[in-house]
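**Q** Sharing a model prediction with you, sequence too.
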Amino acid sequence: MSRVLLLCLLLWAQGVAAAGDSYTLRVYDERLQRGIDLIYGLRFAEADQYFGQIIAAEPENPVGHFFLAMVTWWRVLVDLEDRSHDQAFYGLLEKCIQVCDRRLEQSPNDFDAVLCKGGATGFRGRLRGDRHQFLQAASDGLKCLPLLDLIRQLEPTNKDVLFGRGIYNYFVEVMPERYPIVKPIVWLMEKGDRQLGLQQLQQVAEEGYYARAEAAYFLAQIYRVFERDKDRALEYLEQLHARYPDNSLFHRYTARTLIDLGQWDRGTALYREVARRSAEGRPGYHLRGQLEALFFLGKDAFRRNRLDEAIEAFAAVDSLGGRLGEELDRHYVALANLLMGMCFDLQGQRAEAVRCYERVQKRPDYNTHDLAAKYLKTPYGTVP
């Protein structure tokens, strides 16, 4: 038996695609993983070109279309406040669904078409949920369910197929607790299972082919925001940041979670790098991320009584906040002005402190107005 034939047989037995094979999500394909790594590395132009070439080679294969949409999904995700990519993302998802439907007309059990259609529909619902379009998001969730069930029947051992079901099981149970407005919608949907959803996502994060990073990211957010287990969230975030050090989202969330856990030295070291990369305009690093990093660097200086350093950082936050515009003003700007006023009071610069407190009161109230009023009446640090 020739070495080439032996290699092909070994690859087939291990569930790995060989060069020249058609692209499929049934097995692990290093060619697809290279493109996925470009996405998570935020190398968007290269990723667009990479999956564009896959589409050119196989225009009626939905796999290339799905991952091309995922490139723009990450353009959206790195800065959810920026809606400029939304329509392009929806358009790419619709194109993917159309390709899937043509395949499904010929073969209703086409694994890649079912999986990509389910994925495209699910991600459309995910963004609609982020935009608080809960009815449309729920509609997409309902459309996904039969696809998720069919995928599981077609490939019961493929762990990636658990990704969508895990998300559904977890969030259908959890979302009504966080957003009571969705309770009437969820009542019409199939019941979820919070713990089962977590178990399924953990399986994908450990054993999946292509969805491992996405499942780990979901788990990090779930443990950070919903389960309030920052230690568990940090485990996933540090894994993701180590694998994709140029991913700004993994970078910032790791820094923020370290700060939340009181690990200021490690957290601020990461935030210094976030601030530097943001100032340089690195892909995925933006003004809001720079503002966040500078705020925590200022807060760290304040807690260490390095007041001049803190004032410099807080003043930069205030300046950046002005560039964002009032509609995108973040609570960091109000908090930075409050803390900057407190720094000036500690330095005996009362006039500067008053100006900071007055700026706080002109901004939305993030539990800052009462403190600003208090310190306008009595300087911070004054013994009652």
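**A** Yes, it's here. Here the structure is a predicted model, which means the values were calculated and not measured. Numbers count the residues shown, from 1 in each chain.
**Q** Low-confidence ranges, the stretch 151-300 of the chain, go.
**A** 181-188 (pLDDT under 70).
**Q** Now do the strands in it.
**A** Assigned by DSSP state E, counting those that start in this stretch, the stretch 151-300 of the chain shows no strands.
**Q** Can you name the element that comes right after the strand or helix carrying residue 87?
**A** Under the criterion of DSSP states H and E, residue 87 resides in helix 86-106. As assigned by DSSP H and E, the chain's next helix or strand after helix 86-106 is helix 111-130.
**Q** and the angle from that next one to helix 86-106?
**A** Helix 111-130 runs at 150 degrees relative to helix 86-106, counting by axes from the mean of the first three to the mean of the last three C-alpha atoms, to 10 degrees.
**Q** isn't residue 337 right next to residue 322, touching?
**A** No. The criterion here is C-beta atoms under 8 Å, and residue 337 misses it with residue 322 at 11.4 Å. In short, each C-beta sits where N, CA and C put it, glycine included.
**Q** With neighbour numbers in mind, choose between the two.
**A** Taking other C-beta atoms under 10 Å, residue 337 and residue 322 do not tie; residue 337 has more neighbours (26 against 10).
**Q** returning to what we had before: any buried residues in the helix holding residue 87, and which?
**A** Across helix 86-106, burial judged by 16 or more other C-beta atoms under 10 Å covers 86, 89-90, 92-93, 95-97, 99-100, 103-104.
**Q** Mind putting those into a markdown table with distance to residue 28 and pLDDT?
**A** Output for these, formatted as a markdown table (distance: C-beta to C-beta, whole Å; pLDDT from 0 to 100):
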| residue | distance to residue 28 | pLDDT |
| --- | --- | --- |
| 86 | 32 | 97 |
| 89 | 26 | 98 |
| 90 | 29 | 98 |
| 92 | 24 | 98 |
| 93 | 24 | 98 |
| 95 | 25 | 98 |
| 96 | 21 | 98 |
| 97 | 25 | 98 |
| 99 | 22 | 98 |
| 100 | 21 | 98 |
| 103 | 21 | 97 |
| 104 | 24 | 97 |
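**Q** which one of the residues you listed is nearest residue 342?
**A** residue 86 (39.2 Å; C-beta to C-beta).
**Q** pretty sure the closest one contacts residue 127?
**A** Yes. When contacts are counted by C-beta under 8 Å, residue 86 is listed as touching residue 127 (6.8 Å).
**Q** which residues do these two both contact?
**A** The contact sets of residue 86 and residue 127 overlap at residue 76 (C-beta atoms under 8 Å, 6 or more residues apart in numbering).
**Q** Looking at the buried residues of helix 86-106, spot the one nearest residue 78.
**A** Nearest to residue 78 among those is residue 89, at 12.7 Å by C-beta to C-beta.
**Q** which residue packs closest to the closest one, ignoring adjacent ones?
**A** Among residues not flanking residue 89 along the chain, residue 72 sits closest, at 4.6 Å (C-beta to C-beta, 6 or more residues apart in numbering).
**Q** Which secondary structure element is home to the one you found?
**A** Take DSSP H and E as the rule and residue 72 turns out to sit in helix 62-77.
**Q** just the angle between that helix and helix 86-106, please?
**A** 160 degrees.
**Q** Summarise which helices and strands helix 62-77 is packed against.
**A** helix 30-40, helix 44-57, helix 86-106, helix 111-130 (3 or more C-beta pairs under 8 Å, 6 or more residues apart in numbering; DSSP states H and E).
**Q** Please name every helix or strand in contact with the first one.
**A** Counting contacts by 3+ C-beta pairs under 8 Å, 6+ apart, the secondary-structure elements packed against helix 30-40 are helix 44-57, helix 62-77.
**Q** Can you lay out these as TSV showing mean pLDDT, distance to residue 315 and mean neighbour count?
**A** Listed next are the helices and strands packed on helix 30-40 as TSV, based on pLDDT from 0 to 100; distance: least, C-beta to C-beta, whole Å; neighbours: other C-beta atoms under 10 Å:
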stretch	mean pLDDT	distance to residue 315	mean neighbour count
helix 44-57	97	33	16
helix 62-77	97	30	24
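**Q** These into CSV, with extra columns for distance to residue 140?
**A** Below are the helices and strands packed on helix 30-40 laid out as CSV (distance: least, C-beta to C-beta, whole Å):
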stretch, distance to residue 140
helix 44-57, 23
helix 62-77, 14
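**Q** and of those, who's closest to residue 269?
**A** Nearest of the helices and strands packed on helix 30-40 (C-beta to C-beta): helix 62-77, 24.2 Å.
**Q** so who does the closest residue in space to residue 194 that isn't next to it in sequence touch?
**A** Leaving aside its chain neighbours, residue 194 sits nearest to residue 173 (4.4 Å; criterion: C-beta to C-beta, 6+ apart). Counting by C-beta under 8 Å, 6+ apart, residue 173 touches 191-194, 197.
**Q** Restricted to helices, list those.
**A** Applying DSSP state H to these, the entries found in helices are 194, 197.
**Q** ranges for the helices of the stretch 251-384 of the chain?
**A** Applying DSSP state H, counting those that start in this stretch to the stretch 251-384 of the chain gives helices spanning 264-280, 287-303, 307-324, 331-346, 350-361, 369-377.
**Q** Of all the residues in the third one, which ones are buried?
**A** Pointing back at helix 307-324 there. So, applying 16+ other C-beta under 10 Å, buried residues of helix 307-324: 307, 309-318, 320-321, 324.
**Q** what's the angle from it to helix 287-303?
**A** 160 degrees.
**Q** now swap in the shortest one and tell me
**A** Between helix 369-377 and helix 287-303, the angle formed by their directions is 50 degrees, by the same axes, to 10 degrees.
**Q** which residues does the most centrally placed residue in the chain contact?
**A** Centroid-nearest residue in the chain: residue 77, 5.2 Å away (criterion: C-alpha atoms, centre = their mean). Contact analysis of residue 77 by C-beta under 8 Å, 6+ apart lists residue 249.
**Q** With the one 5 residues further on instead?
**A** Each residue near residue 82 by C-beta under 8 Å, 6+ apart is listed here: 76, 286.
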